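Chemist: Sequence isn't available, so here's the structure alone:
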């Protein structure tokens, strides 16, 4: 009984503080950065194995073992499923259109610039990779970081902004090690990533589900792979 009371007090402290969120984020960013710096495995290993181990497993462990809460609290739910699918597809198409307009602005006309991974792996595998990326990053950034920041701060704008900045920072290692975007492409990447993060935070708050954010992220990933 005493142990249960102590645990409840610890959870109450977690729910009222954001410091632990930044510590959690820092350790994950460090692990991801070290991996990206020292290893060059094929992209399927990155997305299907390493990223889930770094992004998803610690979150599931923390939610289930430390917080002792349901996965529903990080957006893993069938609630509002159809509504979330429709919202995700609608906003996903908007983000695809945004990337196409950025491509036209950059090159003067619509120009296909497929990523090397599409040429080597093919579109079906690229779709699966993008889906895996979307699931990992949205569970971490929206389901976990955003939801816990909002729970502690009760401020939607603050939680959306901070979790989005944390989300953007997770892309720095891959920008430095493999994508190597420069100039206007780098600026466009950061801008669209930031807008994606804010949009998905707000939609996650609205639907309480990861379905819409994952679908939007998927549309965005695929369009970026083809046009940016």
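Modeler: Arrived safely, thanks for sending. Note that the coordinates shown come from a computational prediction; the quantities given were computed from them, not determined experimentally. Residues are numbered from 1 along each chain as shown.

Chemist: from what I can see residue 54 touches residue 32, true?
Modeler: Yes. Counting by CB atoms under 8 Å, residue 32 is a contact partner of residue 54 at 5.4 Å. Backbone N, C-alpha and C define where each C-beta goes, glycine included.

Chemist: residues in contact with residue 226?
Modeler: 112-115, 118 (CB atoms under 8 Å, 6 or more residues apart in numbering).

Chemist: Could you grab the helix/strand/coil label for the closest residue to residue 204 other than its chain neighbours?
Modeler: Nearest residue to residue 204, sequence neighbours excluded (CB to CB, 6 or more residues apart in numbering): residue 142, at 4.3 Å. Here residue 142 is recorded as helix under DSSP: H, G, I helix; E, B strand; the rest coil.

Chemist: Enumerate every residue touching residue 142.
Modeler: Residue 142 touches 75, 163, 200-201, 204, 210, 213, counting by CB under 8 Å, 6+ apart.

Chemist: quick one: which of the residues you listed has the most company?
Modeler: residue 213 (33 neighbours; other CB atoms under 10 Å).

Chemist: what sits against the residue nearest the centre of the chain?
Modeler: When CA atoms, centre = their mean is applied to the chain, the residue found nearest the centroid is residue 137 (2.7 Å). Neighbouring residues of residue 137 by CB under 8 Å, 6+ apart: 55, 167, 170, 217.

Chemist: redo that, cut-off 10 Å
Modeler: By CB atoms under 10 Å, 6 or more residues apart in numbering, the contact list for residue 137 reads 51, 55-56, 143, 167, 170-171, 196-197, 200, 213-214, 217, 221.

Chemist: And for residue 84?
Modeler: 75, 77-78, 203-204, 206-215.

Chemist: Run a quick neighbour tally on the closest residue to it other than its chain neighbours.
Modeler: Closest residue to residue 84 apart from its sequence neighbours, by CB to CB, 6+ apart: residue 211 at 3.7 Å. Look at residue 211: counted by other CB under 10 Å, it has 25 neighbours.

Chemist: Could you double-check that residue 211 lies in contact with residue 81?
Modeler: Yes. Contact criterion CB atoms under 10 Å: residue 211 and residue 81 qualify, at 6.4 Å.

Chemist: ok so, going back, residues shared between the contacts of residue 54 and residue 32?
Modeler: residue 170.

Chemist: So residue 145 sits against residue 161, correct?
Modeler: No. Applying CB under 10 Å, one finds residue 145 not in contact with residue 161, separated by 11.7 Å.

Chemist: coming back round to it: could you redo the contacts of residue 226 as a markdown table and give each row secondary structure?
Modeler: As requested, the contacts of residue 226 are exported to a markdown table (three-state DSSP):
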| residue | secondary structure |
| --- | --- |
| 112 | coil |
| 113 | coil |
| 114 | coil |
| 115 | coil |
| 118 | helix |
